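*Asks:* build me a model:
(2 chains)
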Amino acid sequence: MSESPVRVRMAPSPTGPFHIGSARTALFNYLFAKRYQGKFIVRIEDTDLERSKPEWEENIKESLNWLGLNYDEGPDKAGEFGPYRQSERKAIYKKYLARLIETKQAYYCFCSAEELEAHRQYLVSQGLPQVYSEKCQSLSPVEAEKKRAEGERCVIRFRAPKKDVAFEDLLRGKIKYDTATFGDMVIAKDLETPLYNLACVIDDFEMKISHILRGEEHLSNTPKQILLAWALGIQPPQFLHLPLILNQQRAKLSKRDPSIAAKVSDYKEQGYLPEAVVNFIALLGWNPGDDREFFSLSELVNEFSIERLQTSGAVFNVQKLDWLNGFYIRKMPLAELTNRCVPFLIQSGLIAPLWGKAEAAPLVYSSDFTVLEYEAVETKEKYKFSDLARMIALYQERLKKLIEISELIDLFFQKELNYPTELLVWKKMERGELSPVLNQLETLLLRIQEGDWIKEKLEKAIMVEAEKIGDRGRLLWPLRVALSGKTASAGPFEIAEVLGRRKTIQRIKEAQKKL
RNA sequence: GGCCCUAUCGUCUAUUGGUUAGGACGCUGCCCUUUCAAGGCGGAAAGCGGGGUUCGACUCCCCGUAGGGCCA
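*Replies:* Residues are numbered from 1 along each chain as shown, chains lettered A, B, ... in the order given. Coordinates of the predicted model:
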């Protein structure tokens, strides 16, 4: 690596929700910084004032925070190279822009949109690169000033030297562009309003950025930025262009992609764990070189190396993310899992925190839900955190996303189950045989006293009878359905244990009533 | 339209000139099992095409082709 300290940055525009592709870029920047004892900086590129909104900046910070990608310097984390919002850096840009004009490396251009379009059409018809005609290059400073004073609309263009720009991409090797193919580009609307490429070059220099790790979509910006850096007498940083994350159609993931969720906040709301998301996106474009699949953020920091980065785009495979998420859910301590499920239970309207503060807001993972007591919205029955944990435990290995927890354990909070009577009928059974089976179950259950109401004793008592019948399903299936009301659920004994004696027997009676 | 990037199972990937081309997700068969999961053991499934270089190319080079990105 280079001798100067490693400083990398993530430079999102707050013009929309934080994107999963940006999250991965942020992750690789973070890993690179931590791996080489450097700094990770967040810079908000809010030069587009109409589209930039504080709420989107908030969304960016929240998303990074949720993923655990803590930055060392940023808009809300002062460092010595601030401010970290482009809208607050106009004076800096003005200085550089004035210098470019003074040295005649930039000039005012007064060409109209129609004029530019006509010239472009001509070039297209000739099969030539579509570049600016350079018409306004010949304007003297005096003429330009006069036009400006008269209020003529103008932009500032960069006088691009005609030569090849070659640079070494850390991932792709030598990349060469002929500047004649992009011509004199617009670099600013006026002295205080630089466009993306210029602002970027100035900020990266001022913030002492050593390496730029960004998406491949910026590859063609790089020669332009290098040219600008040279014009300003700046040594450009090192570049690395990451491959893109692709949708099912193999196109770049867009903000409104129907096939997969694009927003990081969507993943949070659907009940993906940040550790699963981080693990998953790390593996989109990077691999450890062996067969390992599971990595925590800190393990990634230790393992990460740019040599193992991929050069081609990666299709986002939700099924694999779901699998990973399930894996992380399964190995999570129960108390923590419960704590993370509670917001979803509240949100779905199943339970409400009782004497807790209303701020126990849904989807705030960092809240401590263990201290609250809850009330089932339908039955008004009270539940402690540990009661919820017992229910969730039954479904820990079945959960793929936290949001699914409500429809799995709703049976514990409902007054009466609503299921078709037919569901009670075991596949190797006639409907008419159901009544004696339910009676038998009731008798068996009534024999078990409150003090013995645990999974093991319940199982023992009922399995003895089930074995006698030979076909266990004749007892077990109707029992499970009577207790859960579902085609699929946890086992009948575990449910009965958590449900308690009174409710279990009550549900058997309800099933009998249905016949 | 111009410029640039990329190319191994459906998907994520290993392979850095010599492998029966390995793993994971998904799919699928069996086992376990009251259901659904989880778990265990199997299976199907890949080097874009054509030229070189080389004793030998998935691997290096060139040309196509395809996909993608940026600009317009």
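
*Asks:* domain assignment for chain A?
*Replies:* If the domains of chain A are taken from automatic domain parsing, they occupy A:90-242, A:264-329, A:333-413, A:421-514, with pieces of a single domain joined by a plus sign.

*Asks:* can you put those domains in CSV and add mean pLDDT and distance to RNA strand B?
*Replies:* Just so you know, the C-beta spots here come from the backbone N, C-alpha and C atoms, and that holds for glycine as well. As requested, the domains of chain A are arranged in CSV below (pLDDT from 0 to 100; distance: least, Cβ to the nearest atom of the strand, whole Å):
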stretch, mean pLDDT, distance to RNA strand B
domain A:90-242, 89, 3
domain A:264-329, 95, 3
domain A:333-413, 88, 4
domain A:421-514, 93, 3
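
*Asks:* out of those domains, flag the one nearest A:Lys61.
*Replies:* Among those, domain A:264-329 comes nearest to A:Lys61, with 11.2 Å by Cβ to Cβ.

*Asks:* what's the spacing between A:Pro17 and RNA strand B?
*Replies:* A:Pro17 sits 17 Å away from RNA strand B when distances are taken as Cβ to the nearest atom of the strand, to the nearest Å.

*Asks:* now the domains of chain A as a markdown table including distance to A:Tyr36?
*Replies:* Formatted as a markdown table, the entries for the domains of chain A read as follows, by distance: least, Cβ to Cβ, whole Å:
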| stretch | distance to A:Tyr36 |
| --- | --- |
| domain A:90-242 | 9 |
| domain A:264-329 | 9 |
| domain A:333-413 | 29 |
| domain A:421-514 | 48 |
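
*Asks:* got these as CSV, with mean neighbour count columns?
*Replies:* Below are the domains of chain A laid out as CSV (neighbours: other Cβ atoms under 10 Å):
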stretch, mean neighbour count
domain A:90-242, 16
domain A:264-329, 18
domain A:333-413, 17
domain A:421-514, 17
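
*Asks:* the ones you listed: which one's closest to A:Phe28?
*Replies:* Ranking the domains of chain A by their distance to A:Phe28 (criterion: Cβ to Cβ) puts domain A:90-242 first, at 5.5 Å.

*Asks:* straight-line length of that closest one, end to end?
*Replies:* Domain A:90-242 has its terminal residues 30 Å apart, counting by Cα to Cα, to the nearest Å.

*Asks:* please apply the same query to stretch A:372-384.
*Replies:* Taking Cα to Cα, the first and last residues of stretch A:372-384 lie 7 Å apart.

*Asks:* what's it in contact with?
*Replies:* When contacts are taken as Cβ atoms under 8 Å, 6 or more residues apart in numbering, the neighbours of stretch A:372-384 outside the stretch itself are A:342, A:345, A:349-356, A:360, A:385, A:388, A:412-415.

*Asks:* do stretch A:89-97 as well
*Replies:* Outside stretch A:89-97, the residues that touch it by Cβ under 8 Å, 6+ apart are A:83, A:106, A:156, A:187-188, A:191-194, A:198-199, A:202-203, A:206, A:232.

*Asks:* same deal with stretch A:187-204?
*Replies:* When contacts are taken as Cβ under 8 Å, 6+ apart, the neighbours of stretch A:187-204 outside the stretch itself are A:9, A:11, A:43, A:45, A:47, A:86, A:89-90, A:92-94, A:96-98, A:100, A:106, A:155-158, A:185-186, A:209, A:212, A:221, A:224-225, A:228-229, A:232, A:234, A:236-237.

*Asks:* so which of those sit within helices?
*Replies:* Under the assignment DSSP state H, those contribute A:Lys90, A:Ile92, A:Tyr93, A:Lys94, A:Tyr96, A:Leu97, A:Ala98, A:Leu100, A:Lys224, A:Gln225, A:Leu228, A:Ala229 to helices.

*Asks:* thinking again about what came up before, in strands, which of the contacts of stretch A:372-384 appear?
*Replies:* Using DSSP state E, A:Ile351, A:Ala352, A:Pro353 are the members of these that sit in strands.

*Asks:* between these, which sits nearest A:Ala33?
*Replies:* Proximity to A:Ala33 was ranked across the ones in strands among the contacts of stretch A:372-384 by Cβ to Cβ; first place goes to A:Pro353, at 39.1 Å.

*Asks:* so what's that closest one bridging to?
*Replies:* Each beta-bridge partner of A:Pro353 is listed here: A:Tyr374, as defined by DSSP bridges.

*Asks:* so it versus A:Thr370, what's the distance?
*Replies:* 12 Å (Cβ to Cβ, to the nearest Å).

*Asks:* for A:Trp66, same thing?
*Replies:* Per Cβ to Cβ, A:Trp66 is found 20 Å from A:Thr370.

*Asks:* also A:Ser265?
*Replies:* As defined by Cβ to Cβ, A:Ser265 lies at a distance of 25 Å from A:Thr370.

*Asks:* swap in A:Lys189?
*Replies:* A:Lys189 is 54 Å from A:Thr370, where distance means Cβ to Cβ.

*Asks:* one more: A:Asp178?
*Replies:* A:Asp178 sits at a distance of 63 Å from A:Thr370 (criterion: Cβ to Cβ).

*Asks:* so which residue is smack in the middle of chain A?
*Replies:* Most central in chain A under Cα atoms, centre = their mean is A:Val264, positioned 2.6 Å from the mean C-alpha point.

*Asks:* who touches that one in this structure?
*Replies:* By Cβ under 8 Å, 6+ apart, the contact set of A:Val264 is A:Pro17, A:Phe18, A:His19, A:Ile20, A:Ser22, A:Ala23, A:Ser63, A:Trp66, A:Leu67, A:Val277.

*Asks:* just confirm the fourth one contacts A:Leu253, I think it does.
*Replies:* Yes - the pair formed by A:Ile20 and A:Leu253 meets the contact definition of Cβ atoms under 8 Å, at 6.7 Å.

*Asks:* mutual contacts of the two, please.
*Replies:* When Cβ under 8 Å, 6+ apart defines a contact, the residues bordering A:Ile20 and A:Leu253 alike are A:Ile245, A:Ile260, A:Ala262, A:Phe316.

*Asks:* pLDDT check: weakest of these?
*Replies:* Lowest model confidence among the shared contacts of A:Ile20 and A:Leu253 falls on A:Ile260, which carries 73.

*Asks:* okay, now that one: neighbour count?
*Replies:* Residues contacting A:Ile260 under the criterion other Cβ atoms under 10 Å number 16.

*Asks:* what's the spacing between it and A:Ala26?
*Replies:* In this structure, A:Ile260 and A:Ala26 are separated by 18 Å, where distance is defined by Cβ to Cβ.

*Asks:* tell me the phi and psi of A:Leu139?
*Replies:* phi -60, psi 130 (degrees, to the nearest 10).

*Asks:* contacts only, for it.
*Replies:* When contacts are counted by Cβ under 8 Å, 6+ apart, A:Leu139 is found next to A:Tyr107, A:Tyr108, A:Phe110, A:Lys147.

*Asks:* in strands, which of those residues fall?
*Replies:* Among those, the members falling in strands (DSSP E) are A:Tyr107, A:Tyr108.

*Asks:* nearest residue to A:Leu483 in space, please, no chain neighbours.
*Replies:* For A:Leu483, ignoring the flanking residues on the chain, the nearest one in space by Cβ to Cβ, 6 or more residues apart in numbering is A:Ile495 at 4.8 Å.

*Asks:* that neighbour against A:Ser489, yeah?
*Replies:* Yes - look at A:Ile495 against A:Ser489 with Cβ under 8 Å: they come within range, at 6.7 Å.

*Asks:* any common contacting residues for these two?
*Replies:* Counting by Cβ under 8 Å, 6+ apart, the residues touching both A:Ile495 and A:Ser489 are A:Leu411, A:Arg480, A:Leu483.

*Asks:* next one: the residue lying closest to the first one once chain neighbours are set aside from A:Val186, what distance?
*Replies:* Spatial nearest neighbour of A:Leu411, excluding adjacent residues (Cβ to Cβ, 6+ apart): A:Ser484 at 5.1 Å. Between A:Ser484 and A:Val186 the distance is 65 Å, computed by Cβ to Cβ.
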